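take this sequence and fold it.
(one chain, ligands or ions: 2)
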Amino acid sequence: MLHAVPSAAQKRAAFRAGLDSGTLQRFPGAFNPLSAKLIERRGFEGVYISGAVLSADLGLPDIGLTTLTEVAGRSQQIARVTALPALVDADTGFGEPMNAARTVQVLEDAGVAGTHLEDQVNPKRCGHLDGKDVVDRDVAVRRITAAVAARRDPDFVIAARTDAAAVHGIDDAVERAKAYAGAGADLIFPEAMRDPADFERLRAAVDVPILANMTEFGKSELLDVKTLESLGVNIVIYPVTLLRLAMHAAEKGLDAITGQGTQAGLLDSMQHRRDLYELLDYESYSTFDENVFTFRV
Ligand SMILES: C[C@](O)(C(=O)O)[C@H](CC(=O)O)C(=O)O
Ligand SMILES: [Mg+2]
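Residues are numbered from 1 along each chain as shown. Ligands and ions are numbered 1, 2, ... in the order given. Purely as a prediction, here's the structure:
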């Protein structure tokens, strides 16, 4: 009730254990705290907090317009209601290495289990769009080094994302992945991998866990869980999947009201009030309230 029971430290330890487990950790993107609760209820290992989703939620494109305060605020709202570890997208870390360091501490305070910082130039853009660019490898290494040094909880996971594959090719992405792991990154996020062969190259190059981004309508082939597991991938994110599904359903609902003059034909496509209340655990709130009112000294 009100908040999830495990502490941030426990969730971080669980995230570490999951990355070491040899089982693929599945992190769908939560587009709000409520959807994070649904992800937990459905038995996933963690939730992803996407920059693309946060931007879209604010009615903005994903081109580096959101601030650390906005990302941390959303992270805290989501982390506090789910027992699952949350991994949050910190884009480029919001500036120079010192800013990346502050970003890590602010996100630790928000209660998430880890974050990823990417090697794009500022302002960044979605990793599946053309025309993006990356900073020099040394600059990105300084970003990661600063982030790692700033962490206060050693279990807080710092992931390094490289966008180099789509800019300079897979060889540069592999070299960067090695350098970022050498700088202390716990997890490598190779962005815009085209196919299994790209993942094989990455997997062979680094000893740390690797992440697969299975975002739709982008540059990556959508690989299933079994394939990703066989490639030695440790964690998969579905960053925008739930938002895309929800928005499509919303479009259909609005069209029904416009076209048929009522939403009555869509009741079977809706989450029932009963299921919503169950997910929100209304019952514990009434019990709590009763206890408060019947409390006597
Ligand atoms: C993972 C990502 O960084 C995100 O913000 O969710 C995006 C996802 C997307 O735009 O589809 C990215 O891949 O850049
Ligand atoms: Mg992003």
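
tell me which element residue 112 is part of?
Under the criterion DSSP states H and E, no helix or strand holds residue 112.

looks like it contacts residue 79 (just checking).
Yes. With contact defined as Cβ atoms under 8 Å, residue 112 counts as touching residue 79 (5.0 Å). Placement of C-beta: from N, CA and C, glycine included.

and this protein, which residues reach ligand 2?
For the chain, the contact set with ligand 2 under Cβ under 5 Å from the ion comprises 51-52, 89.

switch the cut-off to 6 Å
By the rule Cβ under 6 Å from the ion, the part of the chain lying against ligand 2 is 50-52, 62, 89.

near ligand 1, which of those residues show up?
When contact is defined as Cβ under 6 Å from any ligand atom, those meet ligand 1 at 50-52, 62, 89.

apart from its neighbours in sequence, what residue is nearest residue 89?
In space, and not counting its chain neighbours, residue 89 is closest to residue 51: 3.9 Å by Cβ to Cβ, 6 or more residues apart in numbering.

tally of neighbours for that neighbour?
Burial of residue 51, expressed as a neighbour count using other Cβ atoms under 10 Å, amounts to 25.

likewise for residue 58?
A total of 11 residues lie near residue 58 under the criterion other Cβ under 10 Å.

how about the helices in this protein?
Along the chain, counting by DSSP state H, helices occupy 8-20, 33-41, 51-57, 68-81, 97-109, 137-150, 164-168, 170-182, 196-205, 225-230, 241-260, 273-280, 282-294.

pick out the shakiest of the ones you listed, pLDDT-wise.
Per-stretch mean pLDDT for these is lowest at helix 282-294 (a mean of 80).

what angle do it and helix 273-280 make?
70 degrees (axes from the mean of the first three to the mean of the last three Cα atoms, to 10 degrees).

residue numbers of the stretch 1-150 of the chain in contact with ligand 1?
So far as Cβ under 6 Å from any ligand atom goes, the stretch 1-150 of the chain lies against ligand 1 at 50-52, 62, 89, 126-128.

so can I have TSV of these showing distance to residue 278?
TSV is the format used below for these (distance: Cβ to Cβ, whole Å):
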residue	distance to residue 278
50	26
51	31
52	30
62	33
89	30
126	35
127	37
128	36
